[in-house]
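# next one to model:
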Amino acid sequence: MVEIQLSYEGELRCLAQHMPSGREISTDAPVDNHGRGESFSPTDLLATSLGACMLTIMAIAGEKHGWDLGGARARVEKHMVADPARRVGRLDVEIHVPHSLDSKAQRILERAAHSCPVHRSLHPDVDVALSLRFGD
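Modelled structure (predicted):
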């Protein structure tokens with residue numbers, strides 16, 4: 001169990017504190033939903049969580065097999081939909097591992113990315129498109 005405390009700061013902004021570490025992040029409503037867009041929106045954090053989770057689970061698999069994933073990076077593009085309700089409709093995830101790995105390793109890492117807890121927690125109506133690149 002991890003506790004996260006949040007407080008509404010006004011002007012559509014919240015402050016969240018990760019209680020085990022004391023670290024804080026702030027959120028702001030996006031410009032297209034009455035906010036200023038000066039920080040991550042709650043749905044931006046969802047997209048960020050997916051990318052971070054995929055990289056982390058891939059790195060765990062890499063450590064298990066002795067593969068170096070140092071320098072790996074992810075790019076997540078969030079697409080909102082309005083119908084039938086405002087929500088995240090699609091998340092396009094591009095992951096680049098700067099090291100060449102054989103096809104078996106690539107398949108293992110792709111399965112790891114798809115098995116991350118955030119991906120498994122998303123509603124099936126959220127389309128997740130994953131693209132992996134290996135090598136330079």
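# mean confidence score for stretch 121-136?
Taken as a whole, stretch 121-136 has an average pLDDT of 95.
# show the end-to-end separation of it, please.
32 Å (C-alpha to C-alpha, to the nearest Å).
# list the buried residues for it?
Using 16 or more other C-beta atoms under 10 Å as the test for burial, stretch 121-136 gives 126, 128, 130, 132, 134. Backbone N, C-alpha and C define where each C-beta goes, glycine included.
# same question for stretch 30-45.
Under 16+ other C-beta under 10 Å, the buried positions of stretch 30-45 are 30, 35, 39-41, 43-44.
# repeat for stretch 90-100
Buried residues in stretch 90-100 (16+ other C-beta under 10 Å): 91, 93, 95, 97.
# so which of these are in strands?
Mapping those onto strands (DSSP state E) picks out 91, 93, 95, 97.
# spit out the contact partners of the third one.
By C-beta atoms under 8 Å, 6 or more residues apart in numbering, the residues touching Ile95 are 51, 54-55, 58, 72-75, 113, 130-133.
# what do you get if the cut-off is 7 Å, keeping everything else the same?
Shown in contact with Ile95 (C-beta atoms under 7 Å, 6 or more residues apart in numbering): 54-55, 72, 74, 113, 132.
# among the residues you listed, who's most crowded?
Highest neighbour count within the contacts of Ile95, by other C-beta atoms under 10 Å: Met54, with 27 neighbours.
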